[in-house]
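Peer 1: Sequence and predicted structure, then a few things I'm wondering about:
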Amino acid sequence: MAHKFEIYKDKKGEFRVRFKHNSEIMFSTEGYASKASAKNAIASIIKNGPGADVEDNS
């Protein structure tokens, strides 16, 4: 698969999610205290992402 979500622990011990496409990090989230919260973030992105508006602030 060319794209995936990855849960990892940062230096502070918080769980973070990053989204990769062809091994390139496209974005990462804030830190979460629990892995369950990180998984909830993924579920929210999957659920709400396809319908999200694009805001161009350039």
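Peer 2: All right, it came through fine.
Peer 1: And the helices in the chain?
Peer 2: Across the chain, reading from the start of the chain, the helices by DSSP state H fall at 35-48.
Peer 1: how about the strands of it, start to end?
Peer 2: In the chain, the strands defined using DSSP state E lie at 3-9, 15-21, 24-28.
Peer 1: Would you list the strands that the shortest one pairs with, along with their directions?
Peer 2: Spelled out, it's strand 24-28. The strands beside strand 24-28 in its sheet (DSSP bridges) come out as strand 15-21 (antiparallel).
Peer 1: Might you calculate how far the partner strand sits from the centre of the chain?
Peer 2: Its chain's average C-alpha position is 4 Å from that of strand 15-21, according to C-alpha atoms, centre = their mean, to the nearest Å.
Peer 1: and what of stretch 45-53?
Peer 2: If you compare the mean C-alpha spot of stretch 45-53 with that of the full chain, they lie 12 Å apart, counting by C-alpha atoms, centre = their mean.
Peer 1: got it, and stretch 50-58?
Peer 2: On the basis of C-alpha atoms, centre = their mean, the separation between the geometric centre of stretch 50-58 and that of its chain is 17 Å.
Peer 1: Ends of it, what's the gap?
Peer 2: Across its full length, stretch 50-58 reaches 22 Å end to end, with C-alpha to C-alpha, to the nearest Å as the criterion.
Peer 1: next one: stretch 20-36
Peer 2: Using C-alpha to C-alpha, one end of stretch 20-36 lies 20 Å from the other.
Peer 1: Now do the buried residues in it.
Peer 2: Along stretch 20-36, the positions that meet the burial threshold by neighbour count (16 or more other C-beta atoms under 10 Å) are Lys20, Thr29, Gly31, Tyr32. From N, CA and C alone the C-beta is placed, and that goes for glycine too.
Peer 1: Before I go, just wanted to say thanks for your time.
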